[in-house]
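J.: this is a predicted model, with the sequence first.
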Amino acid sequence: MIRTLAVKADGTLERDLPLEQLDRADISWYWVDFEAPSEDEAALLHNHFHFHPLAIEDCLHFLQRPKLDLYEGYQFYVLHSLNPDTLKTEELDLFVGDRYVVSFHFSRLNEIDSAWEAVSADAQSIQLGPMQVLYLVMDRIVDQYFPAMYNLEDRINELDDGTNRPHRVITRRLFRIRSDMLALRKTIVPTSEMLYRMLNMDFLKESKRYKLYFTDIYDHLLKLTAMIESNRELTSDMRDHYMSIKTDRMNSIMLTLTVFTVIFMPLTFIAGIYGMNFEYMPELKWRYGYFAVLGLMATVGVSMFIWFKKKGWLE
Amino acid sequence: MIRTLAVKADGTLERDLPLEQLDRADISWYWVDFEAPSEDEAALLHNHFHFHPLAIEDCLHFLQRPKLDLYEGYQFYVLHSLNPDTLKTEELDLFVGDRYVVSFHFSRLNEIDSAWEAVSADAQSIQLGPMQVLYLVMDRIVDQYFPAMYNLEDRINELDDGTNRPHRVITRRLFRIRSDMLALRKTIVPTSEMLYRMLNMDFLKESKRYKLYFTDIYDHLLKLTAMIESNRELTSDMRDHYMSIKTDRMNSIMLTLTVFTVIFMPLTFIAGIYGMNFEYMPELKWRYGYFAVLGLMATVGVSMFIWFKKKGWLE
Amino acid sequence: MIRTLAVKADGTLERDLPLEQLDRADISWYWVDFEAPSEDEAALLHNHFHFHPLAIEDCLHFLQRPKLDLYEGYQFYVLHSLNPDTLKTEELDLFVGDRYVVSFHFSRLNEIDSAWEAVSADAQSIQLGPMQVLYLVMDRIVDQYFPAMYNLEDRINELDDGTNRPHRVITRRLFRIRSDMLALRKTIVPTSEMLYRMLNMDFLKESKRYKLYFTDIYDHLLKLTAMIESNRELTSDMRDHYMSIKTDRMNSIMLTLTVFTVIFMPLTFIAGIYGMNFEYMPELKWRYGYFAVLGLMATVGVSMFIWFKKKGWLE
Amino acid sequence: MIRTLAVKADGTLERDLPLEQLDRADISWYWVDFEAPSEDEAALLHNHFHFHPLAIEDCLHFLQRPKLDLYEGYQFYVLHSLNPDTLKTEELDLFVGDRYVVSFHFSRLNEIDSAWEAVSADAQSIQLGPMQVLYLVMDRIVDQYFPAMYNLEDRINELDDGTNRPHRVITRRLFRIRSDMLALRKTIVPTSEMLYRMLNMDFLKESKRYKLYFTDIYDHLLKLTAMIESNRELTSDMRDHYMSIKTDRMNSIMLTLTVFTVIFMPLTFIAGIYGMNFEYMPELKWRYGYFAVLGLMATVGVSMFIWFKKKGWLE
Amino acid sequence: MIRTLAVKADGTLERDLPLEQLDRADISWYWVDFEAPSEDEAALLHNHFHFHPLAIEDCLHFLQRPKLDLYEGYQFYVLHSLNPDTLKTEELDLFVGDRYVVSFHFSRLNEIDSAWEAVSADAQSIQLGPMQVLYLVMDRIVDQYFPAMYNLEDRINELDDGTNRPHRVITRRLFRIRSDMLALRKTIVPTSEMLYRMLNMDFLKESKRYKLYFTDIYDHLLKLTAMIESNRELTSDMRDHYMSIKTDRMNSIMLTLTVFTVIFMPLTFIAGIYGMNFEYMPELKWRYGYFAVLGLMATVGVSMFIWFKKKGWLE
Ligand SMILES: [Mg+2]
Ligand SMILES: [Mg+2]
Ligand SMILES: [Mg+2]
Ligand SMILES: [Mg+2]
Ligand SMILES: [Mg+2]
Ligand SMILES: [Mg+2]
Ligand SMILES: [Mg+2]
Ligand SMILES: [Mg+2]
Ligand SMILES: [Mg+2]
Ligand SMILES: [Mg+2]
Ligand SMILES: [Mg+2]
Ligand SMILES: [Mg+2]
Ligand SMILES: [Mg+2]
Ligand SMILES: [Mg+2]
Ligand SMILES: [Mg+2]
Ligand SMILES: [Mg+2]
Ligand SMILES: [Mg+2]
Ligand SMILES: [Mg+2]
Ligand SMILES: [Mg+2]
Ligand SMILES: [Mg+2]
Ligand SMILES: [Mg+2]
Ligand SMILES: [Mg+2]
Ligand SMILES: [Mg+2]
Ligand SMILES: [Mg+2]
Ligand SMILES: [Mg+2]
Ligand SMILES: [Mg+2]
Ligand SMILES: [Mg+2]
Ligand SMILES: [Mg+2]
Ligand SMILES: [Mg+2]
Ligand SMILES: [Mg+2]
Ligand SMILES: [Mg+2]
């Protein structure tokens, strides 16, 4: 689907003009949005707009990381729209020229719809032209990164809420959280590098006004990057912490096993001795042999217990 | 609540003038402090001062990391005031122009109150203007980072004081200390980056005087950053160290278990053999069968003991 | 084997001219490909082309990492062709001058053959000259890195597909995957550094056209580098995760062992006592002695069970 | 205590002049040393020398890391003198102007005494002025870092000398060594950064002569930094290595336990069966029942042994 | 021992001239080699050549890392010659002026001898002067780093050759290999930094010819650095891998122990019960009591077995 928005020199707006009419002299700038374009529509990138084959290739393939390329007469942006629930990313490509914006994406994007409405509704935006559209779209896209990040932080905090979850559940959740943070970082870091590059390029330096707006977006990306790094370290510490708790528990289990074994093994052995059937075992005939052996067993058991006590193994 | 402090050209001071009078010709500069402002008061940032919408947005939302933005005619600072006990941070926003400082914060801050008094009291400061206020506030804010850092170092040293704490307590405390250091770093590192940027920007380069003062604050932040990095490594080493001690202890426990099992299992088995009730077991009839078996048991037990000795398992 | 491709000023093509004729005035540029050259053929690098001895040395030895050297009158490229299945690399050396390309490699390379055909077939390419050949070859070589990378990612995903593989299999596969990623990185990172250097060198800066094409290759290499780093971290997390699961399982095994030992050891000991053969053991004569002891055993067993329950060891 | 050394234009030396006379025209430069100054003496920094309040604050407080500040008319250095045995640091502050050096420290420092003597004794040094004093002091201070570093390396080597120390001793020593290296790094790295900054600053660039001397000190600091980093990695490897040895030992212990248990448990069980007192147990009556059971036990025991052999558990 | 090589303006060579004659007008340049010099010979660095005291100090002491210092009129290089078998390093110091090279080393170095012969033999080299000597020596020294590196890689590959070595052997070898790599890195990284500095310094920039030759050496050092980093990571992965295998093995051992204990403990207990000697134990009188108990034991044993099966503990 293709839709167009043309802003006329007198500040009014015309919708859904055919592409051929967009270059009319009374139109000061226009925005063409390709949403899930058919093959014929996609071909217009080349046939009508004559964009560079490398940029068109980047539109049609899914490989791209967020980036900015400077072509003769227009800038080409690749952005990633993030679904905060699934953490899936959609690629959004933008061609930004002096008098036009062309946006290209394979599925419907809320960020584009919302920016489209904002431009349609706001008389002031209309005057500002393509860079304003770029800002509106990029701002909305980056704003969607925060719920995703907050969602991850909530999942981290939930792990630490005092509930006694089995360790294998915590282990698995930590692993999923860390994998999701890696995925999020793949989007945020290159976008941040792209903004840094924009802010230091000539075309923005001239325009003090836009520098402030894109710096605002860059702030958000810096904050997100710092949050990811910090949470990567925090979850790494949590993992080490839980591993340490497990080792403590293992120590406690082994200690119990050892105390029981060390106390009862000798006792059972003594009982075994007097359970033997030799004809000539003098002790068996003694009047108080049985009680003597019970006393011996008590002595051995208590000695072992004291030995453990002294070793500090019975906290 | 809004309060104002106006410094007149003759070096005297006028308090709590209404905002409208602050632009009087006899006033050389002024400071307006917004403390926990009502919505109407906050609206003055736009209605009276006409600050940039992006800066006002940053004031009203809590997302910001410490940073500096340069707007036309004023600088906009976001600082973090740290509570050294809870390690909670409060955002403080400062607009610094040629003739004014506007400070904005949602709760009462000791650092602001103390700087306010210092400016009121000190005739010399009064002459110096907005940059001096910025220095006084920033110096007080950064000075509060040290008790927080020392507190963390105390908690680290306490862990290592020779007392025999259970490992699970040490494990938990180390984890909390490391999490708190991560939180502290989130404030210190961006503040340090901000100072670095300030020290290399044109407006400071001109003024040799302020460069020295802000370099002094920057020194503190460098020191704090180095302390955090160093303590992160130290606590990481401590964690590894305690894990190593736990493993040693586990080895010791397992060894005890094994020595007892290996010595008594064969003995108990021998006793078991002669506890069997077969009618024809020649040994049972022997005169000294019982003593022979006791001797055999002693031999087996001692052999095992020697074997462990030779293996070096009985330190 | 040596083959040549000469492009004439009139845009036509002549194949397999002898080297001596390639400098004819009607030839605008030419490509000479050395595939698995004999020693005599390799000697032509020096005898006919008079390339620098250091560059020739780099051709003849296998040590080189991907790199670019600038010699008087020509550029010398070392590239690595990767076999996506075996991850083995083949070195490809390219001399790129104003009027010629010389490619040198010890085994047949699909990337060279495919570029050779593309140049032969495409009238437009023919006009473009040596830099176009460099782009065509480099683009094909870097494109081969992706199947290798995807192959590695498939192997990672396969590990996580829910099937219950023995841990020692997962352990071994993770190790192999990580080793292969290290090998891949040895090719990708220096190639990426080489492209970065190319894009910032004077000879490319002049030609806007080639800058875009080589930037496109550089994009791919940046993406690949990010994929490797991200997958190194992911597999590191997976390894930690599996180690954590193993520790959980060990805990579970030890717990089972301990529960059984702690419950049955005292019971077996009691049975041992009343299996002793002392003549005077009053309990043995009691009418309900046997049932009393069975009751005692039940009490001891149940107590131990309750004790474990209270310790939380029986989830 | 304050002492002074004044160098006169004619190359002679005058000692312990009062501060007021040091500005006499016949004195070309002078050195004032504050060693453990009284409060009145420390006040001279402000009252007599009029140093900047921030620099004086740095002298009087202990917080500083090694650093260099440039004030109007003088440089201010903070250095750390290291006690190679205790690894404790003492702060030394130096003010270096065109005609004077002022050194300030709270305890006696060998490095200062030695430099003081060198200047007093060496006619050539006397001609050279304040920068020469700075070099002499800094060189002596950095030279003291080496014995500290060598001492640490000796302690590392000692751990690896073939003696069989208990692991908990090695563990503890490694931890102490690593903590000490962290402490050492806190002094060496900022000093190195300070030298780097000096070598790239204008006042040194002019003087080729001093550049060489301070580069020599910087060399030492680079070497020390590399030694620390290398030894941090080495001790980290050692820790992993010892942990690995412990795990091997644990495996060996568990294996012994398991082999004995698995062999004797079934045997003891068989003995238990024929120890039962049932009236009707046909085997008990058999002529060779006892020997048959002994044979059965031998078979079971040997089978277990073979099973372990085949599993490769009996190296 | 001191030897000299003087190249005359007419392209001929004179050997072993006394130092005093080397400045003769007909000599275009010369090389003086100090091999294991006596104290008197070493004194010539100062007495005859008047080199800077700091450079002479660096010659006479062993502390230096590879580096380059620029003195007035000559460059001073510190290089490390590596013995590929022992990984011991020997320091080699070179003074390179416009008309001379002075090499200084405390033991015989093959690299020096070989370069000496090359210069003596090759008429072309003779024309080229001191920088050519520097190249010849440095090239030979860096070439010796490769056998050392290959040797380490062989030792790594050998660990992974399928032979079943005990883990404690692998553990120890990995540790030694990693320590040796650290030692190697101490030589390679500073040498690489030195080359990088050379290639970006003015004196080389002028001479296109030497830039190519030293770039060739720098290539080798970059390759070596990458090999070390890559092998450090590989061995780190191997260590983790072997640790993981050990844990698997521990799990397997513990499982065996647990299965036997859990199956036989209850059985042995039942046998113990009917081994008690109570006068009134009704079951003992039953005609098929013995067989009933055998059946009970079989049931218990099989139940345990099935329970383990269901838990998935019997792969
Ligand atoms: Mg695309
Ligand atoms: Mg936004
Ligand atoms: Mg903002
Ligand atoms: Mg915003
Ligand atoms: Mg910013
Ligand atoms: Mg960490
Ligand atoms: Mg705010
Ligand atoms: Mg302060
Ligand atoms: Mg200070
Ligand atoms: Mg201060
Ligand atoms: Mg500083
Ligand atoms: Mg560490
Ligand atoms: Mg080659
Ligand atoms: Mg491609
Ligand atoms: Mg592309
Ligand atoms: Mg492409
Ligand atoms: Mg790019
Ligand atoms: Mg990690
Ligand atoms: Mg990693
Ligand atoms: Mg001080
Ligand atoms: Mg020195
Ligand atoms: Mg030196
Ligand atoms: Mg020296
Ligand atoms: Mg140096
Ligand atoms: Mg390491
Ligand atoms: Mg030396
Ligand atoms: Mg070489
Ligand atoms: Mg080469
Ligand atoms: Mg070479
Ligand atoms: Mg290179
Ligand atoms: Mg690793």
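T.: Looks like it arrived, so ask away. Numbers count the residues shown, from 1 in each chain, chains lettered A, B, ... in the order given. Ligands and ions are numbered 1, 2, ... in the order given.

J.: can you pull the pLDDT of residue A:205?
T.: For residue A:205, the pLDDT comes out at 66.

J.: ramachandran angles for residue A:189?
T.: Main-chain dihedrals, residue A:189, degrees, to the nearest 10: phi -60, psi -50.

J.: got the contact list for it?
T.: Contact analysis of residue A:189 by C-beta atoms under 8 Å, 6 or more residues apart in numbering or on different chains lists A:225, C:226. All C-beta spots, glycine's among them, are computed from the backbone N, C-alpha and C.

J.: pretty sure residue A:192 is in contact with residue A:223, am I right?
T.: No. If you go by C-beta atoms under 8 Å, residue A:192 and residue A:223 don't touch, sitting 10.0 Å apart.

J.: in three-state terms, label residue A:77 for me.
T.: strand (DSSP: H, G, I helix; E, B strand; the rest coil).

J.: what distance do you get for it to residue E:248?
T.: For residue A:77, the distance to residue E:248 equals 49 Å [C-beta to C-beta, to the nearest Å].

J.: dump stretch A:269-282 to CSV, restricted to CA.
T.: Taking C-alpha atoms only, stretch A:269-282 is exported to CSV below (Å, rounded to 0.1, in the frame of the first residue of the first chain):
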residue,chain,number,x,y,z
PHE,A,269,30.1,-52.3,62.8
ILE,A,270,30.2,-53.0,66.6
ALA,A,271,26.7,-54.4,66.4
GLY,A,272,27.9,-56.5,63.5
ILE,A,273,30.8,-57.9,65.5
TYR,A,274,28.5,-59.2,68.3
GLY,A,275,26.1,-60.5,65.7
MET,A,276,28.7,-63.0,64.6
ASN,A,277,28.0,-66.7,65.3
PHE,A,278,31.4,-67.9,66.6
GLU,A,279,31.0,-70.6,69.2
TYR,A,280,33.7,-69.2,71.4
MET,A,281,33.1,-65.4,71.9
PRO,A,282,33.7,-64.8,75.6
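
J.: so how far is ligand 15 from the one residue in the stretch 201-315 of chain A that gets nearest to ligand 21?
T.: Residue of the stretch 201-315 of chain A nearest ligand 21, by C-beta to the ion: residue A:233 (39.4 Å). Plainly put, residue A:233 is 34 Å away from ligand 15 if you go by C-beta to the ion, to the nearest Å.

J.: list the residues that contact that residue.
T.: residue B:182.

J.: and what of residue A:177?
T.: With C-beta under 8 Å, 6+ apart, residue A:177 has these contacts: A:152, A:155-156, A:159, A:235.

J.: go ahead and list the helix or strand containing it.
T.: Per DSSP states H and E: residue A:177 is located in helix A:167-199.

J.: quick one: the residue in the stretch 51-200 of chain A that ligand 5 sits nearest to from residue A:228, how far?
T.: Residue nearest to ligand 5 within the stretch 51-200 of chain A (C-beta to the ion): residue A:199, separated by 9.0 Å. For residue A:199, the distance to residue A:228 (C-beta to C-beta) stands at 21 Å.

J.: still on that earlier bit, quickly find the element holding the residue of the stretch 201-315 of chain A closest to ligand 21.
T.: Assigned by DSSP H and E, residue A:233 falls in helix A:208-273.

J.: repeat for residue A:308
T.: helix A:289-311.

J.: what comes up buried for that helix?
T.: A:289-290, A:293-294, A:297, A:304, A:308 (16 or more other C-beta atoms under 10 Å in any protein chain shown).

J.: what pLDDT does whatever residue of the stretch 1-150 of chain A ends up closest to chain B get?
T.: Residue of the stretch 1-150 of chain A nearest chain B, by C-beta to the nearest C-beta: residue A:146 (7.9 Å). Per-residue confidence (pLDDT) for residue A:146: 90.

J.: outline the domain layout of chain A.
T.: A:1-124, A:251-311 (automatic domain parsing).

J.: low-confidence stretches in chain A?
T.: A:63, A:123-126, A:161-163, A:205-206, A:315 (pLDDT under 70).

J.: got a list of what residue A:173 touches?
T.: So residue A:173 contacts A:155, A:159 (C-beta under 8 Å, 6+ apart).

J.: gap between it and residue A:238?
T.: 10 Å.

J.: what residues are shared contacts of these two?
T.: Shared contacts of residue A:173 and residue A:238, defined by C-beta under 8 Å, 6+ apart, comprise residue A:159.

J.: who's in contact with residue A:157?
T.: With contact set as C-beta under 8 Å, 6+ apart, residue A:157 has no partners.

J.: for the residue in the stretch 201-315 of chain A positioned nearest to ligand 30, what are its contacts?
T.: Residue of the stretch 201-315 of chain A nearest ligand 30, by C-beta to the ion: residue A:201 (28.8 Å). When contacts are counted by C-beta under 8 Å, 6+ apart, residue A:201 touches residue A:70.

J.: for it, what are phi and psi?
T.: phi -100, psi 160.

J.: ok, residues contacting stretch A:99-115?
T.: Applying C-beta under 8 Å, 6+ apart, the set of residues contacting stretch A:99-115 is A:22, A:27-37, A:42, A:45, A:49, A:51, A:59, A:81, A:90-95, A:129-130, A:133-134, A:136-137, A:140-141, A:144.

J.: for residue A:82, what are its contacts?
T.: A:88-89, A:141, A:144-145, A:148, A:184, A:187.

J.: neighbours of residue A:131, how many?
T.: Residue A:131 has 19 neighbours, counted by other C-beta atoms under 10 Å in any protein chain shown.
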